Structure formats: structure tokens, C-alpha cells
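**Student:** here is a sequence with its predicted model. Questions after.
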Amino acid sequence: MTETKKSTADGQEPSEVQAHVEPAGTQGATQRCGLIAIVGKPNVGKSTLLNALVGQKISITSRKAQTTRHRITGIRTLPTGDGGGTQFVFVDTPGFQTRHSTALNKSLNKTVVGAIDGVDLVLFVVEAGSFTLGDAKVLALLNERTPTLLVANKLDNVHRRAEIAPWLKDMQERHAFTEFVPMSAKNSKDVARLLTICERYLPEQGWWYSEDELTDKSEKFLCSEVVREKLFRLTGDELPYTSTVIIDKFDEEKSKAHGRMVRVAATIVVERDGHKAMIIGEKGERLKRIGTEARQELEKLMDCKVFLELWVKVRSGWADDEARLRSFGYE
Ligand SMILES: Nc1nc2c(ncn2[C@@H]2O[C@H](COP(=O)(O)OP(=O)(O)OP(=O)(O)O)[C@@H](O)[C@H]2O)c(=O)[nH]1
């Protein structure tokens, strides 16, 4: 194993820590709350949709397929003002990989099945007008008990709308979809309409989270997601999906000067020396940029000062090694 260290910690003014306030007790007003799984093959726009539904970026998005490896929840609460309203708890799923069968992909597929189990509603996302083997493999995982909406995303890419009707008929023969929602995840009116539809499927019960909570993922998890997003964005198409990010250290400190402060050390694991060189870039410029952009975003997300230290390590064949996968936190 070879390794390179680059420190990217630099100074920024801290901001105040925000306290979480639990919702006040509600009596009489109706609250709805439930779980919604977003499933679909890679690149159909699941992460884009989740972020639009939650109203703030939570899951990472990228032009590259399969950047979402973990089950991620986003929470959206729409209060009615009288203590009632609806809380949508979204479950995003990793891209369902059909092409390769490494240990990593098997682990991803297990996560998809797990994410669907026990939810109130499933959003099966496809590209409008299209149905491939990849879509079919995800559809095969769905059960007929759970209400399932057929979300035909990227409608803006369909120039001949007349083609949608025969496609829809074909889709209805494939699965007993509860409803059909043609839309674009990039169109806010479509997203609002989808929320209204989802609401009807959520049971009447008290909210699980306070109104201002957006995700139940730990800050440590967000750190690895943010670093990974910057890594993919700043390396373009050059970097294979098998690279990953491990958080080695996540220490919270309180200091008089900075208020709350978090020290993070993260390792980017790649398969080849060439990939390592690609990430580091000339004179370490690229790694420095990845670190700076990740730190800035984390400071916004966690609302505190962040020191981020990034390492790059080479471990060949990690995506095929189940024991190593477990040690990296994949089940
Ligand atoms: N034209 C158009 N593009 C979209 C729409 N929704 C998403 N996209 C694009 O499709 C690409 C993939 O979107 P993602 O949200 O990352 O897809 P995903 O399904 O989460 O992908 P994985 O993480 O690989 O599972 C991105 O380039 C998005 O900008 C849409 O409604 N219209």
C-alpha cells in the first residue's frame, strides 16, 4: 500500500450552533407520517428527485452513474399551521447494478431490497418512454402489496409525447402500478404535485422527526458523502466508481474561539497508483480543491467550523473483497 497525505485545513470564521427544537405537542390536528422508498436503476434521477422533494440537497448527485452507495433518508415536513400536516420520510437507494457482479454490487442490491421492505409507498423511477433490462431487474424486486407509483422522470427529454401512451400501456402490463406520474425532477411544479400525490398514501400518525430535521444520517456519514461528491465532480469521468471515502477521525470540540468545531480525517481509497496521481493532481492542486470545497460545504451543512484532512491510499482489488468491504462499512 502506498499513501500520500495532504492537509487542506484552512481557517474560516465559525458560526453559532443551532439547537434542535422538538415540535410542540399537538392535539386535535391530523398528522400524517410515513416512509417512501425511491428506487430505480442508476442514473434515472433518483438523487435529483430526492433533493427536490426534500427541498435541500441531501443525497449526492452526479452525472456519473452509481454515486449513491448508501441508503439515505431525506425528510420533508409540510405543516398546515394548526399543528397538523405531513412528514415525508424518503429512502433513497443505491443504483441497481446489473452489469458487474463484484461483492460491492451484491451488497448494493441487498440494500435495495432492504430499503423497499416495510415502506408505505414506493416511487419506481424510470426515464419516461424507456424500459431496459436494468429497469426490469429493479422492478422484479418490487412486491404488489406496497402501493407503487410509476414515476416517469426526465419528461423534458421526450420530444414526441404521443409515444408515451403506448409505452405506458406496456408498463401497466408489467406491474400493477397504483398511479402514473409523468414529470421532470427539475421542474418544481411537478415535484410539488408528486408530494401531493404521495401524501395520500401516508398513514395518520404523529411525526417521527422535528419539523426542521432533514436527514437522520450522522454528520460523519455526511462528511464521507460530501468528500465523495467533490471527488467525483472534480475528477470528471476519469475516476472509476470503485474509489471510496472512509472517515478515519471525526472529533467534535468546543473552543472559546470557534464555538463548535469538528476535526475530520478522511481517506480516499483507490485501486491504482495512477488513480491516486489523478486525484492529487499537479502539485497537489486537485486534492487541495477537493478538500477546500468539501470543507466549505460541510461548514454550511453542520453549521460549525471544520478542519478537514484528506489522505489518498491505494488498495488494489478492494471492490471484490467482501471482508474489506465490511471493514469499510458496507454490509
Ligand atoms: N433532463 C433531465 N435530467 C435529469 C432529470 N432528473 C435528473 N436528471 C439528470 O440525470 C443525471 C442522473 O441523476 P441522478 O439524480 O444522479 O441519478 P440517480 O438515479 O440518483 O443515479 P445513481 O446515484 O447512479 O443511482 C444527472 O445528470 C441529473 O441532472 C430530469 O428530470 N430531466
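**Tutor:** That came through fine.
**Student:** what number of residues lie near residue 130?
**Tutor:** 14 (other CB atoms under 10 Å). The way it works is simple: take the backbone N, C-alpha and C, and place the C-beta from them, glycine included.
**Student:** against residue 41, how distant is it?
**Tutor:** Noted for residue 130: a distance of 10 Å to residue 41, by CB to CB, to the nearest Å.
**Student:** same check on residue 261?
**Tutor:** 41 Å.
**Student:** so which of these two has more stuff around it?
**Tutor:** The residue with more neighbours, out of residue 261 and residue 41, is residue 41; 23 against 16, by other CB under 10 Å.
**Student:** could you find the closest non-adjacent residue to the more buried one?
**Tutor:** The shortest distance from residue 41 to any residue that is not its chain neighbour, by CB to CB, 6 or more residues apart in numbering, is 3.6 Å, and that residue is residue 134.
**Student:** give me the element that neighbour is part of.
**Tutor:** When elements are assigned from DSSP states H and E, residue 134 belongs to helix 133-139.
**Student:** what helices or strands is the helix or strand that that helix is followed by leaning on?
**Tutor:** Later in the chain than helix 133-139, the nearest helix or strand by DSSP H and E is strand 148-153. Packed against strand 148-153, as judged by 3 or more CB pairs under 8 Å, 6 or more residues apart in numbering; DSSP states H and E, are the following elements: strand 121-127, helix 164-174, strand 179-182, helix 188-199.
**Student:** what is the mean pLDDT for the shortest one?
**Tutor:** Averaged across strand 179-182, pLDDT comes to 96.
**Student:** what is the helix holding residue 134 packed up against?
**Tutor:** On the basis of 3+ CB pairs under 8 Å, 6+ apart, helix 133-139 makes packing contacts with strand 121-127.
**Student:** and the strand it packs on, what does it pack onto?
**Tutor:** With contacts taken as 3+ CB pairs under 8 Å, 6+ apart, strand 121-127 sits against strand 31-39, helix 46-54, helix 133-139, strand 148-153, helix 188-199.
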